[in-house]
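# Sequence first, then the predicted structure:
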Amino acid sequence: MSDDTADVLCEVRGAVGFITLNRPQALNALTLSMIRALTTCLLAWREDDRIQAVAIRGSNKAGPFGAFCAGGDIRFFHQALLSGDPAPEDFFTEEYTLNHLIHSFPKPYIAFMDGVVMGGGMGISQGASHRLVTSRSKLAMPETAIGLFPDVGGGYFLSRCPGYAGEWLALTGTSLGAAEAIELGLADHCLDAGKLAQAWDALADIQSPDAAGLHSWLAEFSVVENVTPVLDRSQIDAFFALDSVSAIVHALEADASDWAQRSALQLRQRSPLMLHVAFEQIRRARQLTVAQDLRMERDMMRHCFFPRHLARSGAQTETAEGIRALVIDKDNAPVWQPARIEAVTPEMVQPFFASPWVAHSHPLRALP
């Protein structure tokens, strides 16, 4: 049993290991110590035959649930970029290792994705065997808005969305509700938000929380959020199947529909450079395993923080500027370099995908 003041609470009841993210003042944004606590807990439970399943939830200031995880601690990233602190190196290596551990976890891993589930929150839930959403769920990978790309395995799970929805989500950072998330394969079941505590406690009473036992449990607590498609996927595919970011935004701007105009405006507000990087990431990731994708994203993140090929310091990166504009100063007026989508060249984009490590020294070389 963990100290109730810790940022990650772990306990065992019955045959289930229960994890609560307990940093509600920051919407449970992940710190390195939280990543280490989660990893330690999951590794121990993976080897413990008494524990047959794992459940994870977030908390809000009033108590459990209400928010899952808003991502990584981006104020920490910003300070590191300005100071040259290498601490994010360990953060990303250990976070991606945790993401892989969840994707490959041999026991049921049940993620209660209630409330905000963004960035790093998607990283610790998309590998779950049971991804549970509610009417309050808001799922997104909004990284291009802060000069980053959808990491934590985002290339892998977004590229597996039907059609070209992965490109749409990666570039625009659009937030999805429960029905949309289920439709795009980013969630499995919708639970009644008013019965989450009851569902959570009921897990401890399941004698065999295997696939059959969890199926019965889900039958009791899941609800039908929406039986009809809520997204116009043919519309998404018509634009986001195009072969470049410039082609996508030009086609959207030439279309008079409200959706196209709104989508074009979203893209014009994002980092032009990181839009191109994220687009290339999704297209490459369709052919990659989880481990291969995470290794690629680890390479990309090094280049985001140390973009030597752009002759920029950490303080001059797209990431530093995006976090400054949206989180620190909150002027919502980032000064991107280049300023326009059309000005980004392949020579700016391709080096993000060149590994700064030889294979035998890659920080994620051990991922199978």
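It's in.
# Now do the strands in the stretch 51-200 of the chain.
53-57, 59-60, 63-64, 109-113, 116-118, 130-133, 138-140, 189-191 (DSSP state E, counting those that start in this stretch).
# Redo those strands as a markdown table? Include mean neighbour count, mean pLDDT and distance to residue 180.
Any C-beta I mention is one placed from the backbone N, CA and C, and that applies to glycine too. Listed next are those as a markdown table, based on neighbours: other C-beta atoms under 10 Å; pLDDT from 0 to 100; distance: least, C-beta to C-beta, whole Å:
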| stretch | mean neighbour count | mean pLDDT | distance to residue 180 |
| --- | --- | --- | --- |
| strand 53-57 | 25 | 98 | 21 |
| strand 59-60 | 19 | 97 | 22 |
| strand 63-64 | 14 | 96 | 25 |
| strand 109-113 | 28 | 98 | 13 |
| strand 116-118 | 27 | 98 | 13 |
| strand 130-133 | 25 | 98 | 10 |
| strand 138-140 | 22 | 98 | 8 |
| strand 189-191 | 22 | 96 | 11 |
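# could you redo these as JSON lines and give each row distance to residue 237?
Converted to JSON lines, those look like this (distance: least, C-beta to C-beta, whole Å):
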{"stretch": "strand 53-57", "distance to residue 237": "33"}
{"stretch": "strand 59-60", "distance to residue 237": "36"}
{"stretch": "strand 63-64", "distance to residue 237": "39"}
{"stretch": "strand 109-113", "distance to residue 237": "25"}
{"stretch": "strand 116-118", "distance to residue 237": "24"}
{"stretch": "strand 130-133", "distance to residue 237": "23"}
{"stretch": "strand 138-140", "distance to residue 237": "20"}
{"stretch": "strand 189-191", "distance to residue 237": "25"}
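# To residue 295, which of those strands lies closest?
Between residue 295 and those, the tightest spacing by C-beta to C-beta is seen for strand 109-113, at 22.1 Å.
# what angle separates that closest one from strand 53-57?
Interaxial angle of strand 109-113 relative to strand 53-57 (axes from the mean of the first three to the mean of the last three C-alpha atoms, to 10 degrees): 20 degrees.
# Report all helices and strands that strand 109-113 contacts.
strand 53-57, strand 130-133, helix 196-203 (3 or more C-beta pairs under 8 Å, 6 or more residues apart in numbering; DSSP states H and E).
# For the first one, C-alpha coordinates in CSV please.
Meaning strand 53-57. Extracted as CSV, the C-alpha positions of strand 53-57 are listed here (Å, rounded to 0.1, in the frame of the first residue of the first chain):
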residue,chain,number,x,y,z
ALA,A,53,-5.1,-8.1,-13.7
VAL,A,54,-4.2,-4.4,-13.3
ALA,A,55,-6.5,-1.4,-13.2
ILE,A,56,-5.4,2.3,-13.5
ARG,A,57,-7.4,5.5,-12.9
